[in-house]
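Asks: no FASTA, just this:
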């Protein structure tokens, strides 16, 4: 299964990069962890994100779209980085996540979210619904 | 196994460590069965200890230390019987420090040589490719015999027997659990890559049974290919195989329609191709070519897969380049199957007659007798050349040969579409 692992933002990460020496230390620890992930065939992708002050939000309300400039409040609800892992199950994802060095200076969170897979719609979706959904996708994705 | 969350968490940690643990133990004991037993005993110790003490900082080292202690205890009991084991027991006196830190330092293995050594042993050419695949899935992938049997649509007894035979052959040949060097590495690397690709293909183009693809096998092969490319990043064919399986796997979701029917490459909805895997595959292909692997069999096949991955529509496929790559592949690994694919490519690039000419050259190859894709390809060429009567006969012949039910349905549908 494929999961996305979010590194949740903190007040610190929203301020930008840490001082150089701290960053070097963090890069080393994180580099080692990433290498373990690669050698185990688990890591598919991953990157860090700039603070939300560099970001923009597009707010939808009916036909209206409003663009809101960052920074955004509530650091804990923001994302500072992510990985995509391929693992056998959530237990394995959790076991790997626990090995991650603390990505932040203070207390911080990783959040693991599995991707939807076709089987997830299985029981709920009748063949007709799936066919319709696929036809729709085909049209959206069509040349 | 256990529903208890603590046990499940411990087992997840164990699964991450298992292959390396077995690799270390197999190197010490030269006995895969014993290594598996010791690993299992280490898991049991962890299930007893960790709920009290918490998961140690270095779980791998902890498990190795626990298994080693079991090995030495076992050797002590048998020391009257076997001198060799007594030696191991004597070694223990020299090796008083059995702390996790000491073990971790001793197994400091930045190149992952131990795991690689296990993979090379499991894929040793003394073992048949099918048995190699089963053993590799068991030892490296950590699949149970039941899971492997289900994956290969075989019985548990048959898979268990296959694995036992493989272990015996390895023991008999005195295979070292080490990474071969130099010329031997080159020779044996081929049999490792062959196993990974066999596992992948069994998942990608299921040779039998009701379902066209078995994604779990593809996922196992991808993981193996990623591990190998992580441990041998300088080997162009390893990186080429990674590129190949990533790009092929990107099309898994598009290969079957909602009813599980086979959808040929040219008719697949390309929006359903997994762009993340394509990107990974194309990156790997670039690396393999930069390593000087352009003419390797896997790199060439990855380059072929990449031609399709890069084409935004079936119409924009660069068939001339694909034909040229097949021409080269046919020289590097001459085989009737490659020739057949080459014929298909030429038919797309230069017209159905070009395909028919090439396919007629190989029509009598022994390897292609009873090979459904041969009449299927001829049928397609004839159909496109307007010779529908002959095409229908070929499609019907192909359908009679197809082992996969989905593929058979597809061929019968094509036969039916050949209006007289």
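Replies: Looks like it came in fine. All figures in this text were calculated on a predicted structure; none of them were measured in a lab. Residues are numbered from 1 along each chain as shown, chains lettered A, B, ... in the order given.

Asks: quick one: neighbours of residue B:53, just the number.
Replies: 10 (other CB atoms under 10 Å in any protein chain shown). For glycine as for every other residue, the C-beta is placed from the backbone atoms N, C-alpha and C.

Asks: which residues of the chain score low on pLDDT?
Replies: In the absence of a named chain, chain A is used. Within chain A, the segments meeting pLDDT under 70 span A:118-143.

Asks: ah, I was thinking of chain B
Replies: B:1-3, B:75-111, B:206-210, B:212, B:420.

Asks: and the strands in chain A, which stretches?
Replies: Taking DSSP state E as the test, the strands found in chain A are A:2-8, A:43-48, A:56-61, A:64-69, A:79-86, A:110-114.

Asks: would you reformat those as a markdown table and include distance to residue B:176?
Replies: Below are the strands of chain A laid out as a markdown table (distance: least, CB to CB, whole Å):
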| stretch | distance to residue B:176 |
| --- | --- |
| strand A:2-8 | 37 |
| strand A:43-48 | 30 |
| strand A:56-61 | 59 |
| strand A:64-69 | 63 |
| strand A:79-86 | 31 |
| strand A:110-114 | 39 |
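
Asks: point me to the residue of the stretch 1-150 of chain B nearest chain A.
Replies: Here the stretch 1-150 of chain B gets closest to chain A at one residue, residue B:12, 3.7 Å apart by CB to the nearest CB.

Asks: mind putting the strands of chain A into JSON lines with distance to chain B and mean neighbour count?
Replies: Putting the strands of chain A into JSON lines (distance: least, CB to the nearest CB, whole Å; neighbours: other CB atoms under 10 Å in any protein chain shown) gives the following:
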{"stretch": "strand A:2-8", "distance to chain B": "9", "mean neighbour count": "20"}
{"stretch": "strand A:43-48", "distance to chain B": "6", "mean neighbour count": "15"}
{"stretch": "strand A:56-61", "distance to chain B": "22", "mean neighbour count": "9"}
{"stretch": "strand A:64-69", "distance to chain B": "24", "mean neighbour count": "9"}
{"stretch": "strand A:79-86", "distance to chain B": "7", "mean neighbour count": "19"}
{"stretch": "strand A:110-114", "distance to chain B": "12", "mean neighbour count": "15"}
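
Asks: summarise which helices and strands the helix or strand containing the residue of the stretch 1-150 of chain B closest to chain A is packed against.
Replies: Using DSSP states H and E, residue B:12 sits within helix B:5-29. Counting contacts by 3 or more CB pairs under 8 Å, 6 or more residues apart in numbering or on different chains; DSSP states H and E, helix B:5-29 packs against helix A:90-99, helix B:32-53, helix B:59-78, helix B:113-122.

Asks: check which residues of the longest one are buried.
Replies: If you call a residue buried by 16 or more other CB atoms under 10 Å in any protein chain shown, then helix B:32-53 has these buried ones: B:32, B:35-39, B:41-43, B:45-47, B:50.

Asks: pull out the buried positions in the helix holding residue B:12.
Replies: B:8-29.

Asks: which residues of the stretch 201-350 of chain B fall in helices?
Replies: With DSSP state H, counting those that start in this stretch applied, the stretch 201-350 of chain B shows helices at B:215-231, B:236-249, B:275-290, B:297-310, B:319-332, B:336-350, listed in chain order.

Asks: give me the angle between the following helix or strand past the last one and helix B:319-332.
Replies: Read that as helix B:336-350. Using DSSP H and E, the helix or strand that follows helix B:336-350 in sequence is helix B:352-362. Interaxial angle, helix B:352-362 versus helix B:319-332 (axes from the mean of the first three to the mean of the last three CA atoms, to 10 degrees): 10 degrees.

Asks: give me the contact list for helix B:352-362.
Replies: Outside helix B:352-362, the residues within contact range by CB atoms under 8 Å, 6 or more residues apart in numbering or on different chains are B:336, B:339-340, B:342-344, B:346-348, B:368, B:374, B:377-378, B:380-382, B:384-385.

Asks: quick one on the thing from earlier: out of the strands of chain A, nearest to residue B:286?
Replies: strand A:43-48 (16.4 Å; CB to CB).

Asks: so the helix holding residue B:12 versus helix B:59-78, what angle?
Replies: Going by the same axes, to 10 degrees, helix B:5-29 makes 60 degrees with helix B:59-78.

Asks: if we can go back for a sec, thought the residue of the stretch 1-150 of chain B closest to chain A was touching residue A:94?
Replies: Yes. Taking CB atoms under 8 Å as the definition, residue B:12 is a contact partner of residue A:94 at 6.6 Å.

Asks: I'd like to know how many residues surround the residue in the stretch 151-300 of chain B positioned nearest to chain A.
Replies: Closest contact between the stretch 151-300 of chain B and chain A, by CB to the nearest CB, is at residue B:271 (2.1 Å). With neighbours defined by other CB under 10 Å, the count for residue B:271 comes to 14.

Asks: so who does residue B:31 touch?
Replies: Going by CB under 8 Å, 6+ apart, residue B:31 touches residue B:171.

Asks: let me fix that: residue B:16
Replies: Residue B:16 makes contacts with A:40, A:92, A:95-96, B:59, as judged by CB under 8 Å, 6+ apart.

Asks: show me what from chain B comes close to chain A.
Replies: Chain B comes close to chain A at residues B:8-9, B:11-13, B:15-16, B:55, B:112, B:115, B:219, B:222-227, B:230-231, B:253, B:257-259, B:269-272, B:276, B:280, B:312-313, as judged by CB under 8 Å from any CB of the partner chain.

Asks: show me what residue of the stretch 301-420 of chain B gets nearest to chain A.
Replies: residue B:313 (4.7 Å).

Asks: hmm, residue B:151 and residue B:143 touching each other?
Replies: Yes. Counting by CB under 8 Å, residue B:143 touches residue B:151, with 7.4 Å between them.

Asks: shared neighbours of these two, anything?
Replies: B:137, B:220.

Asks: OK, contacts around residue B:252?
Replies: Residue B:252 makes contact with B:204, B:213, B:215, B:218, B:274, according to CB under 8 Å, 6+ apart.

Asks: let's see it at 10 Å
Replies: B:203-204, B:212-215, B:218-219, B:272-274, B:277 (CB atoms under 10 Å, 6 or more residues apart in numbering or on different chains).
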